[in-house]
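J.: Prediction below, plus the sequence it came from.
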2 protein chains.
Amino acid sequence: MDAGEYIKSRAGRVEEEVYSRLPEEPKEVYGMLKEYISRGGKRIRPVLALASCSACGGREEDAMPFAAAIEMFHNFTLIHDDIEDSSPMRRGRPTLHMEYGVPIAINSGDALYNLVWDLLAKEVGGERFREGAGILIRSFKAVAEGQGIELNWYCENRFDVGEEEYLRMVGGKTAALIGASCEIGAYCAGAEGMRGPMMEFGESIGLAFQIKDDVLNLTADPSKYRKKIGEDIDEGKRSMIIIHLLASLEPGARGKVVGALGKKEKSGGEIEEIIGLAKEHGSIKYASDYAERLVRKAKGSLGAVENAEGRRLMESLADYIVNREK
Amino acid sequence: MDAGEYIKSRAGRVEEEVYSRLPEEPKEVYGMLKEYISRGGKRIRPVLALASCSACGGREEDAMPFAAAIEMFHNFTLIHDDIEDSSPMRRGRPTLHMEYGVPIAINSGDALYNLVWDLLAKEVGGERFREGAGILIRSFKAVAEGQGIELNWYCENRFDVGEEEYLRMVGGKTAALIGASCEIGAYCAGAEGMRGPMMEFGESIGLAFQIKDDVLNLTADPSKYRKKIGEDIDEGKRSMIIIHLLASLEPGARGKVVGALGKKEKSGGEIEEIIGLAKEHGSIKYASDYAERLVRKAKGSLGAVENAEGRRLMESLADYIVNREK
């Protein structure tokens, strides 16, 4: 089975598990969550948890409660992030706060996060709950910390963000949960020694995933890409590309780009000009190469996976997740 | 020790425990939480958890991790509720979203909720964690459900709310967490048979607390009261008093009151007129009597507390919490 097929089949099982955990009543709280989660998404985090469990010699179903909890947590963060970023659309439909207003969307996100712990407290026994919860909670904290760091850049209109600070932010906001997904798989397989390597694998592909996402946003084929090309620049996002570009420019040119990025409304010409500069100064290639190195590093973490088939599965998932065209 | 002194001394210990759980870094996420929590509050929920544990024959410190977790959860809900209700002030200072903006306030609330689980996963062992988490999570769900029901009344501009629906809302939003605080105390004391009675005690005083709060909002001595008299009417709140009043009025008069309540801006005269009608139709007395009955019912749930001193402590806490003047 290739990575795409594997993801699709396991995603279906995760979705069934998640739906079974959503209460019917009160409808005004939970009804919208069912619709929201059913909009789709690749479910890469829970699928990685199942795959990692299997690659470490466990049964996929042993990781299912944690996998479903991770997907629920991820959707909770999307609901709140969309409010925080004022995003109007999510997966082809209005974001929850656009459809129901900010108050109800905040509360529904909170209700979904409650369900993460409801599931775990019900389904995972004793010491295993505590240990597994510890793995998850470390990543949940990192997600909020990463998001808080990024929000602060916007609020304080900071463009002097360095690469290290950027990696710390993405390491929290994106990579920590993917790392925890892989680690929890090893934990559920009872493969204590594999927890560290699997976490490193997940964190590396998590970082690579985000950096590639940023590259794609500026270079994708518009006929295949779901978002608007250059949207990140329109939103003034501090990506590895922008950080590299700003560091490569002379003070005068840098000031001009910072000025353009900080503006609320940007013309198509301004966005194209910044993309052009990023190409010219090698910033897109720099980020792309960085992501490739991370994928190689991730695969290197799989050396301790004894089962060759399991290792190939994890490798193919890494390639699939990082090499997207949309 | 009288109830006020007891609350004060135990609140101090809970605060120490809570502060010790707030990470130092990143400051942009956790710094504001420390300031927010240190603004005060009576800490009645965690103090009830400690008192209930002691009354059921346990040691107060055995309930401390859960007590601190409950106070942290409560503060998280305040941060998000204030955004949802567009409240400008909290405990004499601007609400977090007024001070830092909505995005950062949402995220800091989420970060605080993460810390609730961080504390529990670290401090409470094995099966106890799972069982105790189960008690908490049921109440956490109820809080979001109650809040969702109330938000819906506002969004759909509904004034046809009946008493039963009102009690379900407050039962979730306010009483469930107070019930869980008392139940967790019994649980931590190892007094399985006392979990039900203590939960009932807490839920009854939780309801009574909210109903008295609504009475106080219309009848308090302005020189002692911290809020504006009649603020609830200004905000169009569906309280037991308003529900009773609307049910007591003829259709014409009811339509007029509903019209006034639904208006964004209300004059002082309109607010006073509604308070006058509530007095005239016995709605304030009705709510006040209802709360008194709940307090008697709560005390009735304490029959199974064998320790007379413990029972007196719980009774005095009930009186203290419900009979406030501010």
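T.: Received the coordinates, thanks. Numbering: from 1, shown residues only, chains lettered A, B, ... in the order given.
J.: After the strand or helix carrying A:Lys256, which helix or strand is next?
T.: A:Lys256 is part of helix A:251-262 when elements are defined by DSSP states H and E. Toward the C-terminus, helix A:251-262 is succeeded by helix A:268-280 as the next helix or strand (DSSP H and E).
J.: Not counting residues beside it along the chain, what's closest to A:Ile83?
T.: Once flanking residues are discounted, A:Ile83 sits nearest to A:His97: 4.7 Å by C-beta to C-beta, 6 or more residues apart in numbering or on different chains. Every C-beta, even on glycine, is put in place using the N, C-alpha and C of the backbone.
J.: Buried ones in the helix holding A:Lys256, by neighbour count?
T.: Neighbour-count burial for helix A:251-262, counted by 16 or more other C-beta atoms under 10 Å in any protein chain shown, picks out A:Lys256, A:Val257, A:Val258, A:Ala260, A:Leu261.
J.: what packs against that helix?
T.: Contacts defined by 3 or more C-beta pairs under 8 Å, 6 or more residues apart in numbering or on different chains; DSSP states H and E place helix A:251-262 against helix A:240-248, helix A:268-280.
J.: In CSV, list those helices along with distance to chain B.
T.: Formatted as CSV, the helices and strands packed on helix A:251-262 follow (distance: least, C-beta to the nearest C-beta, whole Å):
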stretch, distance to chain B
helix A:240-248, 18
helix A:268-280, 23
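J.: closest one to B:Val295 among those?
T.: helix A:240-248 (60.9 Å; C-beta to C-beta).
J.: What lies in contact with the closest one?
T.: Contacts with helix A:240-248, where a contact means C-beta atoms under 8 Å, 6 or more residues apart in numbering or on different chains, come from A:159, A:161-163, A:166, A:211, A:214-215, A:218, A:233, A:254, A:257-258, A:261, A:274, A:277-278, A:281-284, A:286-287, A:290.
J.: try it again with 7 Å
T.: A:159, A:161-163, A:166, A:211, A:214-215, A:218, A:254, A:257-258, A:277-278, A:281, A:283-284, A:286-287, A:290 (C-beta atoms under 7 Å, 6 or more residues apart in numbering or on different chains).
J.: from the residues you listed, which would you call buried?
T.: Neighbour-count burial (16+ other C-beta under 10 Å) is assigned, among those, to A:159, A:161, A:166, A:211, A:214-215, A:218, A:257-258, A:277-278, A:281, A:283-284, A:286-287, A:290.
J.: sorry, back to before: from A:Gly148, how far out is the residue nearest to A:Ile83?
T.: Distance of A:His97 to A:Gly148, computed by C-beta to C-beta, to the nearest Å: 19 Å.
J.: How about A:Met72?
T.: With C-beta to C-beta as the criterion, A:Met72 and A:Gly148 are 21 Å apart.
J.: how about the residues of the stretch 151-300 of chain A near chain B?
T.: Within the stretch 151-300 of chain A, the positions near chain B by C-beta under 7 Å from any C-beta of the partner chain are A:Leu151, A:Asn152, A:Cys155.
J.: what's near enough to touch A:Val18?
T.: Residues in contact with A:Val18 (C-beta under 7 Å, 6+ apart) are A:Ile37, A:Ala68, A:Glu71, A:Met72.
J.: rerun that using 6 Å as the cut-off
T.: A:Ala68, A:Glu71, A:Met72 (C-beta atoms under 6 Å, 6 or more residues apart in numbering or on different chains).
J.: and the last one, backbone torsions?
T.: Per-residue torsions, A:Met72: phi -70, psi -40 (degrees, to the nearest 10).
J.: quick one: A:Gly236 from B:Arg138, how far?
T.: For A:Gly236, the distance to B:Arg138 equals 43 Å [C-beta to C-beta].
J.: Let me see the mean pLDDT of stretch A:67-75.
T.: Throughout stretch A:67-75, pLDDT has a mean value of 98.
J.: Can you mark which positions in stretch A:293-310 are buried?
T.: By neighbour count on 16+ other C-beta under 10 Å, the buried set for stretch A:293-310 is A:Leu294, A:Val295, A:Lys297, A:Ala298, A:Lys299, A:Ser301, A:Leu302, A:Val305, A:Gly310.
J.: coming back round to it: which one of the residues of the stretch 151-300 of chain A next to chain B has the most neighbours?
T.: The residue in these with the most neighbours, by other C-beta atoms under 10 Å in any protein chain shown, is A:Leu151 (23 neighbours).
J.: Now do the helices in the stretch 1-150 of chain A.
T.: A:3-20, A:27-37, A:44-55, A:64-84, A:96-100, A:102-123, A:126-155 (DSSP state H, counting those that start in this stretch).
J.: re the thing from before, centre of the chain to the helix holding A:Lys256, how far?
T.: Relative to the mean C-alpha coordinate of its chain, helix A:251-262 is positioned 29 Å out (C-alpha atoms, centre = their mean, to the nearest Å).
J.: Tell me which residues are up against that helix.
T.: Contacts of helix A:251-262 with the rest of the structure, by C-beta under 6 Å, 6+ apart, involve A:Asn157, A:Phe159, A:Gly236, A:Leu246, A:Glu270.
J.: again, only using 10 Å
T.: With C-beta atoms under 10 Å, 6 or more residues apart in numbering or on different chains as the test, helix A:251-262 has contacts from A:154, A:157-160, A:233-238, A:242, A:245-250, A:266-267, A:270-271, A:273-274, A:277-278, A:281.
J.: Give me the residue ranges of chain A where confidence is low.
T.: A:125-126, A:326 (pLDDT under 70).
J.: now do 90
T.: Scanning chain A with the threshold set as pLDDT under 90 gives A:1, A:28, A:121-131, A:222-228, A:264-265, A:322-326.
J.: What's the separation between the residue of chain A most remote from its centre and chain B?
T.: Most distant residue from the mean C-alpha position of chain A: A:Gly252, 35.0 Å away (C-alpha atoms, centre = their mean). According to C-beta to the nearest C-beta, to the nearest Å, A:Gly252 stands 31 Å off from chain B.
J.: for the spatially most central residue of chain A, what are its contacts?
T.: Most central in chain A under C-alpha atoms, centre = their mean is A:Thr174, positioned 4.2 Å from the mean C-alpha point. If a contact means C-beta under 10 Å, 6+ apart, then A:Thr174 has A:Ala142, A:Val143, A:Gly146, A:Gln147, A:Glu203, A:Gly206, A:Leu207, A:Phe209, A:Gln210, A:Ile211, A:Asp213 as its contacts.
J.: Looking at those residues, state which has the most neighbours.
T.: A:Gly206 (30 neighbours).
J.: Verify the stated contact: that one with A:Leu167.
T.: No - look at A:Gly206 against A:Leu167 with C-beta atoms under 10 Å: they stay out of range, at 11.1 Å.
J.: Now list whatever residues contact both of these two.
T.: A:Ala175.
J.: ok, whichever residue of the stretch 151-300 of chain A sits closest to chain B - contacts?
T.: Closest contact between the stretch 151-300 of chain A and chain B, by C-beta to the nearest C-beta, is at A:Asn152 (4.4 Å). Contact analysis of A:Asn152 by C-beta under 10 Å, 6+ apart lists A:Arg158, A:Met169, B:Pro26, B:Lys27, B:Glu28, B:Val29, B:Tyr100, B:Pro103, B:Ile104, B:Asn107.
J.: For it, give its distance to B:Gly101.
T.: Separation of A:Asn152 from B:Gly101 (C-beta to C-beta): 10 Å.
J.: Please apply the same query to A:Glu235.
T.: Taking C-beta to C-beta, one finds A:Glu235 at 16 Å from B:Gly101.
J.: just A:Ile178 next, same as before
T.: Taken as C-beta to C-beta, the span from A:Ile178 to B:Gly101 is 28 Å.
J.: Please identify which of the two sits among more neighbours.
T.: With neighbours defined as other C-beta under 10 Å, A:Ile178 and B:Gly101 compare such that A:Ile178 has more, 28 against 14.
J.: How about the contacts made by A:Asp82?
T.: Per C-beta under 10 Å, 6+ apart, neighbours of A:Asp82: A:Pro88, A:Met89, A:Arg90, A:Pro94, A:Thr95, A:Leu96, A:His97, A:Met98, A:Ala105, A:Gly109.
J.: Before I go, just wanted to say thanks for your time.
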